[in-house]
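Novice: starting from these lines, generate the structure:
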Amino acid sequence: MPQLEVDGAALTYDDEGPRDGDGVPLVFIHGWTANRHRWDHQVAHFAEKRRVIRLDLRGHGESSGAGVRTVEELAKDVLALLDHLKVDRFIPVGHSMGGMISQTIALSHPERVERMVLVNSISRMTYSRGRGLLMAASTLVPFKLFVAANIQRAFAPGYPREEIRAYVHASADTPREVVMTLYGAMRAFDVLDRVGEIRTPTLLVHGYHDIQLPVSQMLRMAKAYPDAVVRIVDAGHELPVEKPAELTAALDSFLTGRA
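Specialist: Here you go, the predicted model:
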């Protein structure tokens, strides 16, 4: 289990697959309160033929470190790891907050991003006045209740309750300071007016039943992308674990030019 020290955090990561495999490395970036194992299905598939890298973001999973206050700071962690691994060009695959990190990297270092995949992610969080007040009020409830409310609603109707409970428990193990500061970072994230600058081919995969980051917001973002492919899947916000095979197939098609 390798780790890299970056600005007071020990980042745990996996670096798998052949160095001389097909194409540039894939870099999988998980979302808020999750960990690198969200990508188990995709890593098992792609590591047979190409280099695959994934990490636990600071304060998540098996990585230490306090929460940072901007998505840009998380992007710097990812780039520090890739510099350490001597990876120049790569394909970021980001889920939710990980997609925000991916967009940040694509805007700040376009020369390093060959293609990009955004899973259940958006470029700007937009709420009605009522929803905004509800979300602000939710931060005042006990921490574990706040986490449980957010994670339970991330899954599509009908997803097994016992599995949802396991994800709620794992998310609640993320330190409170990390959870709350990054919650604020995501709400403040806004690059919608800049995504037209991202010229790299981009795949946008989204769960139809996502109520955390609704499809309508993703489609608004998609219109701004010069070179985007959109896939809608019968899933909620946690698409990587709800429909892992469908996501892997969509990635495979996009990477081989069949999308």
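
Novice: which stretches in the chain count as helices?
Specialist: 40-46, 71-84, 97-108, 129-138, 143-152, 161-172, 176-188, 215-224, 239-242, 244-255 (DSSP state H).

Novice: buried ones in the third one?
Specialist: Meaning helix 97-108. Applying a neighbour-count criterion of 16 or more other C-beta atoms under 10 Å, the buried positions in helix 97-108 are 97-107. Just so you know, the C-beta spots here come from the backbone N, C-alpha and C atoms, and that holds for glycine as well.

Novice: just stretch 12-24 next, same as before
Specialist: 12-15, 17, 23-24.

Novice: for it, what is the average pLDDT?
Specialist: For stretch 12-24, mean pLDDT is 92.

Novice: show the end-to-end separation of it, please.
Specialist: Stretch 12-24 has an end-to-end distance of 21 Å (C-alpha to C-alpha, to the nearest Å).

Novice: give me the contact list for it.
Specialist: Residues from elsewhere that reach stretch 12-24 (C-beta atoms under 8 Å, 6 or more residues apart in numbering): 1-4, 25, 36, 43, 46-56, 61-63, 81, 85, 87, 89-91, 114, 255.

Novice: list of residues touching stretch 148-158?
Specialist: In contact with stretch 148-158 (C-beta under 8 Å, 6+ apart) are residues 33, 138, 141, 164, 167-168, 171-172, 207-209, 211-212, 234-238, 242.

Novice: please repeat the previous calculation with a cut-off of 10 Å.
Specialist: Among residues not part of stretch 148-158, those counted as contacts by C-beta atoms under 10 Å, 6 or more residues apart in numbering are 31-34, 96, 120, 135, 138, 141-142, 159, 161, 163-165, 167-172, 179, 183, 207-213, 233-239, 241-243.

Novice: look at that stretch and report the distance between its end residues.
Specialist: End-to-end for stretch 148-158, by C-alpha to C-alpha: 17 Å.
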